[in-house]
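Novice: below are the sequence and a predicted model for it; my questions follow.
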Amino acid sequence: MPNEKETDTKDKKVMLEAASSADMVRTVSSDHRRQYANNVALGFSSWDMWIGFGELLGHTDKGQPIIEEHTRITMSLEHAKAFSRIFAANLAKFEEQAGEIRYFLISDEVKEEFEKSDIPLK
């Protein structure tokens with residue numbers, strides 16, 4: 001079994017290779033469409049993970065947000081882990097070029113969840 005350094009090195013190489021699209025030809029299917037999302041929900045099972053994308057439409061009279069989910073992507077846990085690493089690597093690359101992405105307008109509930117996690121909130 002490789003040590004952590006070898007695994008980290010291998011993972012970084014995989015992320016950089018997967019993040020580079022210079023050697024790929026991308027096409028768009030006939031039913032392709034772009035969707036705006038300002039809300040994301042995640043779910044897991046023993047075999048896969050789903051990511052639901054939606055848009056905040058407003059709030060109820062009681063202040064509850066009304067979210068319309070328009071897209072749900074389901075992938076294996078292995079693909080989800082690879083996706084998370086590629087996504088993080090691309091965000092880091094973007095921030096190197098464009099500057100830090102800062103959080104804004106975070107509710108107390110969301111802030112509490114971030115504080116419980118190991119995700120830095122700046």
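Specialist: Looks like it came in fine. Numbering: from 1, shown residues only.
Novice: the protein: helices as residue ranges?
Specialist: 4-19, 77-98, 108-116 (DSSP state H).
Novice: what's stretch 70-84 in contact with?
Specialist: For stretch 70-84, contacts defined as Cβ atoms under 8 Å, 6 or more residues apart in numbering pick out 14, 18, 35, 37, 44, 47-55. For every residue, glycine as well, the C-beta is placed using N, CA and C.
Novice: and that stretch, how far apart are its ends?
Specialist: From its first residue to its last, stretch 70-84 covers 21 Å (Cα to Cα, to the nearest Å).
Novice: return the distance of it from the chain's centre.
Specialist: Put simply, stretch 70-84 sits 9 Å off its chain's centre (Cα atoms, centre = their mean, to the nearest Å).
Novice: out of the contacts of stretch 70-84, which are inside strands?
Specialist: 44, 48, 49, 50, 51, 52, 53, 54, 55 (DSSP state E).
Novice: what's the burial count for residue 49?
Specialist: 19 (other Cβ atoms under 10 Å).
Novice: tell me the pLDDT of it.
Specialist: Reported pLDDT at residue 49 in the predicted model: 97.
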